[in-house]
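*Asks:* Just to be clear, the model below is a prediction. Sequence and coordinates:
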Amino acid sequence: MHRKSAYILFLAVLGLLAIGIVILFSTGAFARDSQGDVYFYVRKHALWLGIGLVACILAALVDYHFWQRTWWIWFALSLVGLALCFLPPFRHRINGSWRWLEFHHFTCQPSEFAKIAAVFFLAFWFSRYEAESKQLWRGFVLPLAVIGLLIALIVTEVDLGTTVLIGATTFIVMFIAGSNLALLGGLSLGGIGTILFLATHIAERNSRLMAFLHPEQYKLTAGLQQMQALIAWGSGGIGGLGLGNGRQKMSYLPYAHTDFIFPIIGEELGLRFSLLVIFLFVLIIICGLTIALHARDRFGLLLASGIVSLIAFQAAINIGVVTSLLPNKGLPLPFVSYGGSNLVVALFAVGLLLNIYRQGVLEPPPRQEMAMRVRVTPRI
């Protein structure tokens, strides 16, 4: 399985990218700002896809230990990018959130890059202080304090979805690194309580929470997207209405080309393709974890685990939102939704996994080499 994991991972990602382009071609003409141009978002998506593939190739070729040595650079750049979201010349507001930067009609989302920077730091920290992972100070307080710098800025932007994503990934990496379980349990409870507190005390997020709890009462306001998504699922059935024949993309379902692209897949291509998308994500998770378990060193293990956690949690949150299992969070579906920053970061993350795989296959870990020597040593 390990020998084939990179090939299966590549094919799964390629399948999701292909589905995303096809559905974007179907929905693009009805999206906001496209002005009826079928190719408007397809062209922009193709540009970001090209940048993402270049980032993927570079990440696959550059030794992943480079990111271990330079983690502080990317962490600092992420902090600067997040801080710029609060400065009037650069910040760009959408749906009550200041999470975008705009430079001459070029828009990017710094929190996407902050996710990778957080994983770089966590992998570096717990590989350097492996023996102190269970200690209170270096195994819990200090790493959380550093990650808290990113989370504080992201929460202030009113981006609870990315906050949850980074928090959940941090929990997984710390768990794999061997942090104290009692402290991690308290962290999870505290994190859930904090998110609920923020969700109930921020007006727009509170309305989304109420729409999730009482969908019928908010079906024309805060719950419109999720209600229309359910209609799309019901209309598609098992076989779908046919590619291009969906109706919810015609201004009934807002952001059908980004956060809510998955219901359009269900409406036009049916349950079969919807389950195929989920199956491809499951393959990515399995292959990613296999690569992590066969990494050459502890940094590779933690880095790969963090990357897989980011992709898995984001996909799960998006699918949970569009099927009304979770409140609306505003996270795109990796590799499928339109969104330049997210696509580039996701493909860069895949490149990191491929690099970890390549080094794990070509250069076995020292402990494996030692075990091999012990097995072949003849007894006298």
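*Replies:* Arrived safely.
*Asks:* all helices in the stretch 201-350 of the chain, in order from the N-terminus.
*Replies:* 203-213, 224-236, 261-293, 298-322, 340-362 (DSSP state H, counting those that start in this stretch).
*Asks:* Pull out the CA atoms of the shortest one and give them to me as CSV.
*Replies:* Coordinates of each C-alpha in helix 203-213 appear next as CSV, following Å, rounded to 0.1, in the frame of the first residue of the first chain:
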residue,chain,number,x,y,z
ALA,A,203,-24.6,38.9,15.5
GLU,A,204,-24.0,37.4,12.1
ARG,A,205,-22.6,34.1,13.4
ASN,A,206,-25.4,33.9,16.0
SER,A,207,-28.0,34.2,13.2
ARG,A,208,-26.2,31.3,11.4
LEU,A,209,-26.4,29.2,14.5
MET,A,210,-30.1,30.0,15.0
ALA,A,211,-30.7,29.1,11.3
PHE,A,212,-29.0,25.8,11.9
LEU,A,213,-31.2,25.1,15.0
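*Asks:* Pull out the buried positions in that helix.
*Replies:* 205, 207-212 (16 or more other C-beta atoms under 10 Å). (Each C-beta comes from the backbone N, C-alpha and C, glycine too.)
*Asks:* same deal with the longest one?
*Replies:* Judged by neighbour count using 16+ other C-beta under 10 Å, the buried positions of helix 261-293 are 261-270, 273-274, 276-277, 280-281, 283-292.
*Asks:* before we move on, the earlier item: tabulate the buried residues of helix 203-213 in JSON lines, adding columns for pLDDT.
*Replies:* Below are the buried residues of helix 203-213 laid out as JSON lines (pLDDT from 0 to 100):
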{"residue": "Arg205", "pLDDT": "73"}
{"residue": "Ser207", "pLDDT": "81"}
{"residue": "Arg208", "pLDDT": "81"}
{"residue": "Leu209", "pLDDT": "83"}
{"residue": "Met210", "pLDDT": "85"}
{"residue": "Ala211", "pLDDT": "81"}
{"residue": "Phe212", "pLDDT": "83"}
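*Asks:* quick one, strands of the protein?
*Replies:* Remark: strands assigned in the chain by DSSP state E are 91-94, 97-103, 106-108.
*Asks:* which one of those is the most hemmed in?
*Replies:* Neighbour counts (mean count of other C-beta atoms under 10 Å) averaged over each of those peak at strand 97-103, with a mean of 18.
*Asks:* low-confidence ranges in the stretch 251-380 of the chain?
*Replies:* Filtered on pLDDT under 70, the stretch 251-380 of the chain yields the residue ranges 362-380.
*Asks:* redo that, cut-off 90
*Replies:* 251-258, 324, 327-331, 339-341, 360-380 (pLDDT under 90).
*Asks:* now swap in the stretch 101-250 of the chain and tell me
*Replies:* 101-110, 133, 155-161, 187-188, 190-226, 244, 246, 249-250.
*Asks:* Okay then, goodbye and thanks.
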